[in-house]
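Colleague: what follows is a predicted protein model with its sequence.
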Amino acid sequence: MKEKIRIASGQGFWGDLVDAPYHQVTKGDIDYLVMDYLAEVTMSIMQKQKNRNPNLGYAIDLVDLMKKILPITKKKDIKVITNGGGVNPVACADAILEAAMDLDIGKLDVAVVLGDNILNCIDDIIEKGCLLENMETNEPIATVKDKLLSANVYFGAMPIVEALNRGADIVITGRTTDTGLTLAPMIYEFGWDNKNFDLMAAGTVAGHILECGAQSTGGNFLGDWESIENFTEIGFPIAEAYPNGEVIITKHDNTGGKVSFDTIAEQLVYEIGNPAEYITPDCVADFTSIKLKDLEKDRVKVYNVKGKPETEFYKVSCSYHNGYSATGTLTYSWPQALTKAKKADRILRKRLEYLNLQFDEIRSEYIGYNATHETLAPELDEDKINEIVLRFSVRAKDRKTVNRFGQEIAPLILTGPPSVTGFASGRPKPKDVIAYWPALIPKNLVTPKVKILELK
Amino acid sequence: MSKIRLIDIAHGRSGDKGDAANIGIIAFDDKGYAIIDKHLTAEKVKKHFEGICHGKVERFELPNIRALNFLLHNTLGGGGTVSLKHDAQGKTLAAALLRMVIEIDVS
């Protein structure tokens, strides 16, 4: 058994720093590169791409990235684990294998984890007695079945562990939890019993710290943010894991950013609910048990993590189409920038009212004044403000209604308050509103499948 | 009694959980944690976000890391891509909470 393993985070979301994974595999030693590409909205975008072209539906950037890093990961024996397979992990793996063939890389085993995509089995699942009720409203999924765009079960670490046991160099999954990507190599390397829930929780916590990339190494840090050096070359986090469940969070030397009690604490509280019950498919981790200790520079020990048994359910994330929205902006300058923007808002609302259109919501915000913090924004001294951006948005069931709004905002330039600009990008176009349907499914109704694709 | 701005004794991070916003507030030291633990109640947070948070506020404690976590239900205008808010994910709400001024006993 290895005395320790180093797991490096390469992406915090689809759209994160393109070269971060390259730096992770070149600037120091690591054993695993894990990359999270999937936000909730991502699955519906990928499903749409796949509907148009059956060879798409995954994080396409991954192919170019793998072309760049494969010779390095192969040489240094770094395994890559990612959920960038989206709704089409097989097509993703095929594209990577093709790239590997062009590079003449030699033997390569790429594993895919399948079975999370349940979009085509919703009827079967309902028939088996699982109504996939919305966790917030308790409505059965039948209510939105005709509008569904994607439906995916969140798998945990175990399918990835199986892939690693079967010799995978690269593991491509669909909807796997972000935390499972990091926990899996620990289970595999240290031979952890997946019923030892304290260890499952320890790996899960490490996964939570890694899943948003540089957000644990000084990015978006609200503490003493000006003390963060060299944001430009910020280092992404690395979890140095030990067989007893202790983890040291660090980053490569000679990179920017900072790893400290404070930067890790901020990430620990990010997007959590009840900290005593952080539910994953692998365990229920107790975040209140976590202890942090600053070691030497940019090294923080995470220890004492406790866990409880996993639940009998997988979480399911579905998305469905729920109307259209559009946003337009207009910039008003001094003098009286806010007064002018507010006047323009009243004119626009009146014009929309006269058109007698049915909107679900109309919202105006004033960037430079209250677009963040809303009612908490302090009164401003208008004479000291140079400009205000009116940000005006609508949402409606009907596409034409939203499109009609798009025609009303530009005319304000010639037919409303003065010293207005910033309308070069044309009329705002209606875009699809994607709504989520979080639900639970009994674990026995879905089975993850692991398939190995080999390049000899 | 003396007044303290929360931003002088704590930092934090916020994000979205559906239509709910989560705000984690972390005290810089143990003394600061004692203050937020005593004074930063769910009721005070709910009142602070009047007109923004339209649901209940839940509070959870993480004393080991000197942190409190708040869940503000019905806050993000529907969440996800449904929300028309510029800050649809509640990313700036931690800073908004740190605006709070709290009164404490000087002793």
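Modeller: Great, that's in hand. Numbering: from 1, shown residues only, chains lettered A, B, ... in the order given.

Colleague: drop to CA atoms for contacts and neighbour counts, all remaining ones
Modeller: Noted.

Colleague: pop the domain breakdown of chain A in here.
Modeller: A:5-116+A:154-311, A:320-436 (automatic domain parsing).

Colleague: close to chain B, is the shortest one?
Modeller: Yep, that's domain A:320-436 we're talking about. Yes: counting by CA under 8 Å from any CA of the partner chain, chain B has neighbours in domain A:320-436: A:325, A:363, A:365, A:371-376, A:393-395, A:433-436.

Colleague: quick one: mean pLDDT for that domain?
Modeller: Confidence over domain A:320-436, taken as the mean pLDDT, stands at 96.

Colleague: what's the distance between the closest residue to A:Leu210 other than its chain neighbours and A:Ile30?
Modeller: Leaving aside its chain neighbours, A:Leu210 sits nearest to A:Ser9 (5.6 Å; criterion: CA to CA, 6 or more residues apart in numbering or on different chains). Distance, A:Ser9 to A:Ile30, using CA to CA, to the nearest Å: 10 Å.

Colleague: which one's more surrounded, those two?
Modeller: A:Ser9 (29 against 22; other CA atoms under 10 Å in any protein chain shown).

Colleague: which of the domains of chain A is buried the deepest?
Modeller: domain A:5-116+A:154-311 (a mean of 21; mean count of other CA atoms under 10 Å in any protein chain shown).

Colleague: before we move on, the earlier item: find residues that contact each of A:Ser9 and A:Ile30.
Modeller: A:Gln24 (CA atoms under 8 Å, 6 or more residues apart in numbering or on different chains).

Colleague: how about A:Ala201, what does it touch?
Modeller: A:Cys283, A:Val284, A:Ala285, A:Asp286, A:Val305, A:Lys306, A:Gly307, A:Lys308.

Colleague: for the residues you listed, which two are the farthest from each other?
Modeller: Spanning the widest gap among the contacts of A:Ala201 are A:Cys283 and A:Val305, at 11.9 Å by CA to CA.

Colleague: what segments of chain B are strands?
Modeller: B:2-5, B:10-17, B:20-27, B:57-62, B:67-72, B:101-104 (DSSP state E).

Colleague: show me what contacts the closest residue to A:Ile249 other than its chain neighbours?
Modeller: Using CA to CA, 6+ apart and skipping the chain neighbours, the partner closest in space to A:Ile249 is A:Ala239 (4.7 Å). A:Ala239 sits next to A:Arg6, A:Ile7, A:Ala8, A:Ala206, A:Leu210, A:Val247, A:Ile248, A:Ile249, A:Thr250 when contact means CA under 8 Å, 6+ apart.

Colleague: you'd agree A:Tyr369 is up against A:Ala377?
Modeller: Yes: at 6.8 Å, A:Tyr369 counts as touching A:Ala377 under the criterion of CA atoms under 8 Å.

Colleague: next one: A:Ala95 from A:Lys107, what distance?
Modeller: A:Ala95 is 16 Å from A:Lys107, by CA to CA.

Colleague: what residues of the longest helix along chain B count as buried?
Modeller: Taking DSSP state H as the criterion, chain B has its longest helix at helix B:30-39. With burial defined by 16 or more other CA atoms under 10 Å in any protein chain shown, the residues of helix B:30-39 counted as buried are B:Gly32, B:Tyr33, B:Ile35, B:Ile36, B:Asp37.
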